[in-house]
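# build me a structure from this.
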Amino acid sequence: MELKLHLGDAPPEVDRTLVQNIVKAQKWMAMIVEGETFSEIAEAEGTSRRRVQDVIDLAILAPDTLDAIANGEQVEGLTSDYLVMSGVPAVWTDQREMFARL
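Now for the predicted structure:
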């Protein structure tokens, strides 16, 4: 579970957990493209196959969403937990609509 507390006009803070999971997802997606299976990736990374399957969707986030995350300017509520639990639509316009409802 993640919790963010915003007090006043603090500068944006980068969600390091989210960024780390996006980097993992992109690495794992490249491994899938190269022909590795979820099970092989999980074994190599020391995690579960289910975790790989849940996180890999972060590799398809829209470029503008990735920029906002990198700058700590994503909409409130857009966290790793939210994305893994909700799933990430493959179509970028659908992603934007989903995130706008947060």
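# can you mark which positions in the helix or strand that contains residue 20 are buried?
Here residue 20, judged by DSSP states H and E, is contained in helix 16-33. Burial within helix 16-33, assessed by neighbour count using 16 or more other CB atoms under 10 Å, is assigned to 18-19, 21-22, 24-26, 28-29, 31. The way it works is simple: take the backbone N, C-alpha and C, and place the C-beta from them, glycine included.
# tell me the one of those residues nearest residue 100?
Closest approach to residue 100 among the buried residues of helix 16-33 (CB to CB): residue 18, at 17.7 Å.
# just give the nearest non-adjacent residue to that closest one, would you?
Of all residues not flanking residue 18 in the chain, residue 80 sits nearest, at 4.9 Å (CB to CB, 6 or more residues apart in numbering).
# packing partners of the helix holding residue 20?
Contact here means 3 or more CB pairs under 8 Å, 6 or more residues apart in numbering; DSSP states H and E; on that basis helix 16-33 packs against helix 38-45, helix 49-55, helix 63-70, helix 80-86.
# what lies in contact with the first one?
For helix 38-45, the external contacting residues (CB atoms under 8 Å, 6 or more residues apart in numbering) are 24, 28, 31-32, 36, 48-49, 51-53, 56.
# quick one: mean pLDDT over that helix.
Mean pLDDT, helix 38-45: 97.
# relative to residue 99, which of the helices and strands packed on helix 16-33 is closest?
Here helix 63-70 is closest among the helices and strands packed on helix 16-33 (CB to CB), at 6.8 Å.
# pLDDT on stretch 13-26, on average?
Mean predicted lDDT for stretch 13-26 stands at 96.
# can you redo the helices and strands packed on helix 16-33 as TSV with distance to residue 13 and mean neighbour count?
Listed next are the helices and strands packed on helix 16-33 as TSV, based on distance: least, CB to CB, whole Å; neighbours: other CB atoms under 10 Å:
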stretch	distance to residue 13	mean neighbour count
helix 38-45	27	15
helix 49-55	22	16
helix 63-70	11	14
helix 80-86	15	15
